[in-house]
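Asks: Sequence unavailable; structure follows:
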């Protein structure tokens, strides 16, 4: 039976420690990318669910994103009186929530609505600055029974420099996911 000398054992442990120190940051960046991409796809899917609900139920349906002390809460509302989803009708209970609010960080660790400092707006839109919810003053996307929607952009940021945007096109109600490359300083289609 062959035995290892102390020097050989220390050498093997040193190589293993070096490889681990190189692999862990790369693994962390990969997990951040996976979580951020998953969150962007989740938001796009929630938007499309609201669109389909508006079309099939012939009622305006809105996905509302509100900032509070814990971050951002996403809630879907349905028009209760035929005049669209309005903030006053939500407060009075006429436009009721379709389900409970959800929060991205609870679903995708380390991801929430946000934007890297100084990034340009996607597809020629205005830069997000400090407001990652670019939907006008109501901070909601309303889908109509005709298939149209409130146009805008929802910026999502991961732990590092991972940045995504979900774009909503008003005339068609469709969405598109774009990723920002810090290396090229450009948005590209996912």
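Replies: Looks like it came in fine. Keep in mind that what you see is a predicted model, and the values were worked out from it rather than measured. Numbering: from 1, shown residues only.
Asks: And residue 179, how close does it get to residue 40?
Replies: 8 Å (CB to CB, to the nearest Å). (C-beta placed from N, C-alpha, C; glycine too.)
Asks: again with residue 69
Replies: Applying CB to CB to residue 69 and residue 40 gives a distance of 25 Å.
Asks: Out of these two, name the residue with the larger neighbour count.
Replies: Neighbour comparison, residue 69 and residue 40: the larger count goes to residue 40, with 27 against 4 (by other CB atoms under 10 Å).
Asks: surely the more buried one meets residue 157?
Replies: No - judged on CB atoms under 8 Å, residue 40 makes no contact with residue 157 at a distance of 10.5 Å.
Asks: what is in contact with the two at once?
Replies: Taking CB atoms under 8 Å, 6 or more residues apart in numbering as the contact rule, residue 40 and residue 157 both touch residue 164.
Asks: which residues in this protein form strands?
Replies: For the chain, the strands defined by DSSP state E occupy 61-68, 71-78, 96-97, 112-113, 133-134, 140-143, 152-157, 163-168, 175-181, 186-189.
Asks: Tell me what angle the one helix or strand in the chain whose mean pLDDT sits lowest forms with strand 71-78.
Replies: When each helix and strand of the chain is scored by mean pLDDT, DSSP states H and E, helix 6-57 comes last, with a mean of 83. Put simply, helix 6-57 runs at 30 degrees to strand 71-78, going by axes from the mean of the first three to the mean of the last three CA atoms, to 10 degrees.
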